[in-house]
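Build the 3D model from these lines:
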Amino acid sequence: MLQEIREQPVALERTLRSELRGIEKLKSQLAKNPPRLIVLAARGTSDNAAQFGRYLFELLTGIPVSLAAPSVYTLYNKPPSLAGALVIGVSQSGESTDVNAVLEAGRAQGAFIIGVTNEAGSHMAQIADYVVQVRAGKERSVAATKTYTGQLLAMYLIAYALGAELSADSLKHLPDFAAKACEIEKAAAAHAIRYRFMERCVVVGRGLNYASAFEMALKMMETSYVVAERFSSADLMHGPIAMVEASFPAFVFAPAGVTAQPMADTITRLESLHAETFVICDKANKTTFDRGLQIPVKLDELFTPIPYIIPAQLFAAYLAAEKGLNPDQPRALSKVTRTL
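The predicted structure is shown next:
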């Protein structure tokens, strides 16, 4: 897991270099027949990448986005109308049975299908009209890391293809931002020691980093068996804040930008309850905090989700080690999960 976390800047650079030319062709194709709706289908870590895609596409393109409920297609056998929609499947292996069922239903109804996967020869790639290949290389750790950030990059590329005000040159900085995030590995390892006996926590994000909260929580659940609840800062205040007490661990993603004030308010509220607050941010953040990880570069909020998840991945990996666990082989899990 640690090795694959460190590989992310190179994997992102490789994906960008290989996919940009095809994305220009996809952009021309989608401009001729723009979708009325985008439907994203995914499970697990890939579902968190899809959650990011939902925010990104709606913010930058104005096209409404829905996250598919695969059980509607598989268990209930009642696929909704997908005619005129862009259906995007997200899967590391490309072999998620229920996700592929959504794509197959969309294809049967004439929807345009995009597959986002690390495996060019997968069933998903065969179904799709267009494939954005996450060129992360073989991922051996059960806990996905480099494929997740590759999927986030794929969301940026698809947004660009949909006509978002997003330049290809701006995306070329993402591997460098990831490299900057990797520089704080020693700090992440040092912080993990303090949380060796943690059994439960909350993880909080907002907007573009709502998905980051879900992904950090998932990584801690997978690798350290910590009960990690995840919320937007708004949802936290609508009831779950009641479970927070003195020394309760709360991990908060706090970028600069439009979410800065609500996240600062959240940190203030958590600290008023004497929670154990841990902040992940970058040098553009102006919030004061006692404990956390700061990426040593100033970032625009739009480009924070990839670099922000890397400190979270590192923290999860080192936390598992502190607990005497092997993050590469979590109990009861395998690399490819097939569900209906």
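
CA atoms for contacts and neighbours, from now on please.
Will do.

For stretch 172-187, what does the pLDDT average out to?
Averaged over stretch 172-187, pLDDT sits at 98.

Contacts for that stretch next, please.
With C-alpha atoms under 8 Å, 6 or more residues apart in numbering as the test, stretch 172-187 has contacts from 5-6, 8-10, 12-13, 16, 293-297, 303, 306-308, 310-311, 314.

ditto for stretch 10-25
132-137, 146, 149-150, 153, 157-158, 161, 168, 172, 174-175.

Buried residues in it, which are they?
Across stretch 10-25, burial judged by 16 or more other C-alpha atoms under 10 Å covers 10, 11, 12, 13, 14, 15, 16, 19, 20, 23.

As CSV, those residues with distance to residue 281 and pLDDT would be great.
Converted to CSV, these look like this (distance: C-alpha to C-alpha, whole Å; pLDDT from 0 to 100):
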residue, distance to residue 281, pLDDT
10, 22, 98
11, 23, 97
12, 21, 98
13, 23, 97
14, 26, 97
15, 25, 97
16, 25, 96
19, 29, 96
20, 29, 92
23, 31, 96
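
Check those against residue 213 and report the nearest one.
Residue 213 lies nearest to residue 12 out of these, by C-alpha to C-alpha, at 21.2 Å.

quick revisit: filter the contacts of stretch 10-25 to the buried ones?
Here, 16+ other C-alpha under 10 Å leaves 132-136, 146, 149-150, 153, 157-158, 161, 174-175 buried among the contacts of stretch 10-25.

just the buried members of the contacts of stretch 172-187?
The neighbour count (16+ other C-alpha under 10 Å) marks 5-6, 8-10, 12-13, 16, 293-296, 303, 306-308, 310-311, 314 as buried among the contacts of stretch 172-187.

What strand or helix carries residue 262?
Per DSSP states H and E: residue 262 is located in helix 260-272.

May I have the secondary structure class of residue 201?
strand (DSSP: H, G, I helix; E, B strand; the rest coil).

and it, what are its bridge partners?
residue 228 (DSSP bridges).

Check it and give its pLDDT.
Reported pLDDT for residue 201: 97.

That one and residue 221 touch, don't they?
No. Contact status for residue 201 versus residue 221: not in contact, 10.3 Å apart, counting by C-alpha atoms under 8 Å.

list residues touching both of the two?
227, 228.

Give me the most central residue, the protein.
The centroid of the chain falls nearest to residue 49 when counting by C-alpha atoms, centre = their mean (3.7 Å).
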